[in-house]
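Student: Sequence and computational prediction follow.
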Amino acid sequence: MDKNVISVKTVEENIDISTGIIYRKRIAVCQNVVPEILRKVNILKIPDIQLEEESWLNLQERSMAIQSHCLTWTQYASMKEESVFRESVENPNWTEFIQRGRISITGAGFLNCILETFASAFLKQGAQKGIKIMEMLLKEQCGAPLVE
């Protein structure tokens, strides 16, 4: 549901019989959203970026955990994101969303700080998109009105 996502392929999927947890591992190919000015650096001149996402859906506990990391530029950058969607303890009709991200860039000299700042802004923007997409999906599937 994001315009920068070119393709997503599920590479592993299984259900833990004892817990009912559905596990999925997917590889996403996304457009390179690094600004053109930064793509003057050779390692950033690629058209696509690959991400690996693992998710655990627990229907009994009404929760989902997602971990993703970048497969591209692993020798220069580490970008990891963890998200949890779960039923609120305050109200079972609410969904709590918790997200953490870590970014570390090395080997790019003076560009390390600039690239980390860009990546941080990109992850924050992605979190907002993720919330909107999840709200839309919940509304479609559950018919619950959104609280604005």
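Tutor: Yep, that arrived.

Student: residues in contact with residue 72?
Tutor: Going by C-beta atoms under 8 Å, 6 or more residues apart in numbering, residue 72 touches 46, 48, 49, 50. C-beta coordinates here come from the backbone N, C-alpha and C atoms, glycine included.

Student: Recalculate using a threshold of 7 Å.
Tutor: Residue 72 sits next to 46, 49, 50 when contact means C-beta atoms under 7 Å, 6 or more residues apart in numbering.

Student: same thing with residue 64?
Tutor: By C-beta under 7 Å, 6+ apart, residue 64 lies in contact with 55, 56, 57, 85.

Student: Same check on residue 68?
Tutor: Contact partners of residue 68, counting by C-beta under 7 Å, 6+ apart, are 51, 52, 53, 81.

Student: can you put the contacts of residue 72 in CSV and add neighbour count, secondary structure and distance to residue 30?
Tutor: CSV is the format used below for the contacts of residue 72 (neighbours: other C-beta atoms under 10 Å; DSSP: H, G, I helix; E, B strand; the rest coil; distance: C-beta to C-beta, whole Å):
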residue, neighbour count, secondary structure, distance to residue 30
46, 13, coil, 11
49, 19, strand, 5
50, 16, strand, 8
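
Student: Just the closest of these to residue 24, please.
Tutor: The shortest approach to residue 24 among the contacts of residue 72 belongs to residue 50, at 16.3 Å (C-beta to C-beta).

Student: And the closest one, how far from residue 7?
Tutor: For residue 50, the distance to residue 7 equals 10 Å [C-beta to C-beta, to the nearest Å].
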